[in-house]
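Participant: here is the input, now give the coordinates:
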Amino acid sequence: MTLTTPDEIAALFTRAGDYTFVRWGRPIVPVVFGVEESTLTILKGAIEAVVALAGHKMAEQDTELGANLMFFFIRDWDDLIGVPNLERLIDGLPDLVTRLKGADANQYRMFRFDDAGAIRAAFVFIRVDKDLAEVPAEDLALDQAVRIICLWGENAFPKGTLVKAGAHTVLDPSLAAVIRAAYDPVLPAVAKDASHALRLFARAQTMGVGDAPL
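Facilitator: Numbers count the residues shown, from 1 in each chain. Reported below is the predicted structural model:
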């Protein structure tokens, strides 16, 4: 991915034709269901790395929600129906499961927002189908961590979020610079005007990605 113009950055945050930039407004507290301990460690490490890149914070507990970033790894969408109390968190869960099955989707993200419009919680559902089962755990974890750090546009990553660097797979440097710029304290947590992309572009050009472990 090469982000060389403000329009290319604006496209990352365009939803249904409108520019919609939103980042987290509180420290991130993740919890993961449905994976082994080794995968849990990899996923939490990827989240910590992306949060550190952004200059944002993590915490042990969210005072309102306990955990505010929930990952669910499942084999079949119907498995969500059996998760205790999930229907209390996700309105219309049976209808959502029906839609995901009909679309043959393998992942879905749902965000909730605070009174100011910033992200207050996110729910990530991963159906580990044949395609995802072949993705290295480290790559899948880093990709998912990137996809929840902001509210991205529906067509933000046509070629994915990661690139090859020799024998390793890393976060696309251009995207890393945008993430770091997105969390510049000078910028608002929520922006609806595409002129915001100009400010992101300017900061992304001057803010290196440093030594973030990505």
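Participant: show residues contacting stretch 61-81.
Facilitator: With contacts defined as C-beta atoms under 8 Å, 6 or more residues apart in numbering, stretch 61-81 is touched by 26-35, 39, 43, 47, 83, 86, 89, 93-94, 96-97, 100-101, 105, 120-128, 144, 148. Where C-beta positions appear, they are placed from N, C-alpha and C, glycine not excepted.
Participant: so which bits of it are buried?
Facilitator: By 16 or more other C-beta atoms under 10 Å, the buried positions in stretch 61-81 come out as 62, 67, 68, 69, 70, 71, 72, 73, 74, 77, 80.
Participant: same deal with stretch 79-97?
Facilitator: Result for stretch 79-97 [16+ other C-beta under 10 Å]: buried residues 80, 83, 86, 90, 96, 97.
Participant: and stretch 184-195, by the same measure?
Facilitator: Buried, per 16+ other C-beta under 10 Å, within stretch 184-195: 184, 187, 188, 189, 190, 191, 194.
Participant: likewise for stretch 22-39?
Facilitator: Neighbour-count burial for stretch 22-39 [16+ other C-beta under 10 Å]: 22, 23, 24, 25, 26, 28, 29, 30, 32, 34, 35, 39.
Participant: can I get that stretch in CSV, CA atoms only?
Facilitator: Taking Å, rounded to 0.1, in the frame of the first residue of the first chain, the C-alpha atoms of stretch 22-39 are listed here in CSV:
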residue,chain,number,x,y,z
VAL,A,22,-13.2,7.5,14.6
ARG,A,23,-10.5,6.3,17.0
TRP,A,24,-10.7,4.9,20.5
GLY,A,25,-11.6,7.3,23.3
ARG,A,26,-10.5,5.1,26.2
PRO,A,27,-7.8,2.6,27.1
ILE,A,28,-8.3,-0.8,25.4
VAL,A,29,-9.0,-3.8,27.5
PRO,A,30,-9.1,-7.0,25.4
VAL,A,31,-10.5,-10.4,26.2
VAL,A,32,-10.3,-13.4,23.8
PHE,A,33,-12.6,-16.5,23.6
GLY,A,34,-12.1,-19.7,21.8
VAL,A,35,-8.3,-20.0,21.3
GLU,A,36,-5.5,-21.9,23.0
GLU,A,37,-3.1,-20.1,25.4
SER,A,38,-0.4,-19.9,22.8
THR,A,39,-2.7,-18.1,20.3
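Participant: run the chain-centre distance for that stretch.
Facilitator: 10 Å (C-alpha atoms, centre = their mean, to the nearest Å).
Participant: kindly report the same for stretch 89-108.
Facilitator: 18 Å.
Participant: can you list contacts of that stretch?
Facilitator: Outside stretch 89-108, the residues that reach it (C-beta under 8 Å, 6+ apart) are 70, 77-78, 80-81, 86-87, 110, 123-129, 131-132, 144.
Participant: same deal with stretch 132-145?
Facilitator: For stretch 132-145, contacts defined as C-beta under 8 Å, 6+ apart pick out 38-39, 42-43, 45-47, 49-51, 71, 106-107, 124, 126, 160-162, 169, 171, 214.
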